[in-house]
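Participant: Output the structure for:
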Amino acid sequence: MILIHKTIVLSIFLLISFLFKGSDQQEYTLHGYAQGTDYTVKYFADSPLIRGCEIDSLLIKIDSSMSLYKSYSLINKFNTSTKGLTINMDFKNVINKSFEIYKDTRGKFDVTVAPLVQAWGFGPKPVTSFPDRIKIKELLKNTGMNFLKLKGTELIKKRPEIQIDLNGIAQGYSVDVVAYYLLSRGITSFIVEIGGEISMKGPKPDGSAIRIGIEGPALNENSEPRIRHVISFKEGAVTTSGNYRKYLQTGGKKISHLINPKTGYPLDNQLISVTIYAKDAITADGYDNAVMAMGVEEALAFVSARKNMEAYLIYHRKNGTVTDTLTAGFRKMIVN
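Facilitator: Got it, this is the predicted structure:
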């Protein structure tokens, strides 16, 4: 992906006020910590149907497959292998979607940027210096999902040096897994939020809409980020990728955690953040990274050309001021 590492860069905050108006169903809330961040599950039911340990179990299983921060994880075993290995269904689902987005974005989304992400100081190991031009050129030789092949449940490396990072899409998948679990238990009104990635199904039992606040950077660097819009929709997912919360600083320059797999360098363009609406969170999560690599007009055209996808973009004008724009479909989701 163009920006594969995105842990808690998400800028979506829940603005939910569950008021019961003649409904027998109650609101139940579960909070927990997983995948390096907090999660919240809110749902309506006649009685408590889900326990926190059930959600924890689902997320721990995914972590065991795809977390670079777990030494025993399947992804770490893959990265240290020379030819690849057999992967489980969670891993396969995410890799299949990654190939799809890689192709659709012409390589702007690429999970093989793991060595570049690590080199720039955003991987699981600390670094003492940034890579020079020669090092980046060397790492780019082993960047590209064309060096991967999925055959059944075998994920095969075409080069032994290939390493992958699924942080830019696996959290969206985790949100979907939890949402599907709620549906399987007969819950049809809920919000699942992990690190700012959200899946929602509504409305509330009283017929009113569930609302979500979209955060963005302040108009000047000395102010805190603020809620810029409140949106509502019946069913789907919203995720955000941005470079204003997670970065390193060298001298007076901020180094974005979003790495361009084409150049090997951190992203440095107009866009500050991209919020994507899609039918599921894995789609929104994967595409928000890729869209961050585009120019504003290119991003709007790209999203508008795809069914069941909308976008909200925050960006710098040429004079340095901050403004925003959005697709027509996203505008319809905004509530006053």
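
Participant: residues near the nearest residue to Tyr287 once chain neighbours are set aside, how many?
Facilitator: Setting aside the residues directly before and after it, Tyr287 is nearest to Ile276 in space (CB to CB, 6 or more residues apart in numbering), at 5.3 Å. Where you see a C-beta, it was placed from the backbone N, CA and C, and this is true even at glycine. Residues within reach of Ile276, counting by other CB atoms under 10 Å, total 30.

Participant: cool, the one 3 residues further on as well?
Facilitator: When counting by other CB under 10 Å, one arrives at 15 neighbours for Lys279.

Participant: contacting residues for Gly107?
Facilitator: Ile2, Gly144, Met145, Pro261, Lys262 (CB atoms under 8 Å, 6 or more residues apart in numbering).

Participant: cutoff 7 Å now
Facilitator: Pro261, Lys262 (CB atoms under 7 Å, 6 or more residues apart in numbering).

Participant: now Ile276
Facilitator: So Ile276 contacts Val238, Thr239, Ala284, Tyr287, Asp288, Val291, Met309, Ala311 (CB under 7 Å, 6+ apart).

Participant: Can you tell me which of those has the most neighbours?
Facilitator: That'd be Thr239 among these, by other CB under 10 Å, with 34 neighbours.

Participant: Quick check, Phe330 in contact with Leu313.
Facilitator: No - with contact defined as CB atoms under 7 Å, Phe330 and Leu313 do not form a contacting pair (9.3 Å).

Participant: ok so, going back, helices - which of the contacts of Ile276 land there?
Facilitator: The members of the contacts of Ile276 that map onto helices under DSSP state H are Ala284, Tyr287, Asp288, Val291.

Participant: tell me the SS of His31?
Facilitator: Put simply, His31 is strand when judged by DSSP: H, G, I helix; E, B strand; the rest coil.

Participant: Count the residues that sit near it.
Facilitator: Count around His31 with other CB under 10 Å applied: 11.

Participant: How about Lys125?
Facilitator: Neighbours of Lys125 (other CB under 10 Å): 7.

Participant: residue contacts, the residue positioned nearest the centre of the chain?
Facilitator: For the chain, Asp285 is the residue whose C-alpha lies nearest the centre (CA atoms, centre = their mean; 3.5 Å). Shown in contact with Asp285 (CB under 7 Å, 6+ apart): Gly168, Ile169, Gln171, Gly172, Glu197, Thr239.

Participant: Let's see that with 10 Å instead.
Facilitator: Residues near Asp285 by CB atoms under 10 Å, 6 or more residues apart in numbering: 1, 6, 10, 94, 97, 101, 167-176, 197, 237-241, 276, 278.

Participant: coming back round to it: what do Phe330 and Leu313 both touch?
Facilitator: Common neighbours of Phe330 and Leu313 (CB under 10 Å, 6+ apart) are Thr275, Ile276, Val303.
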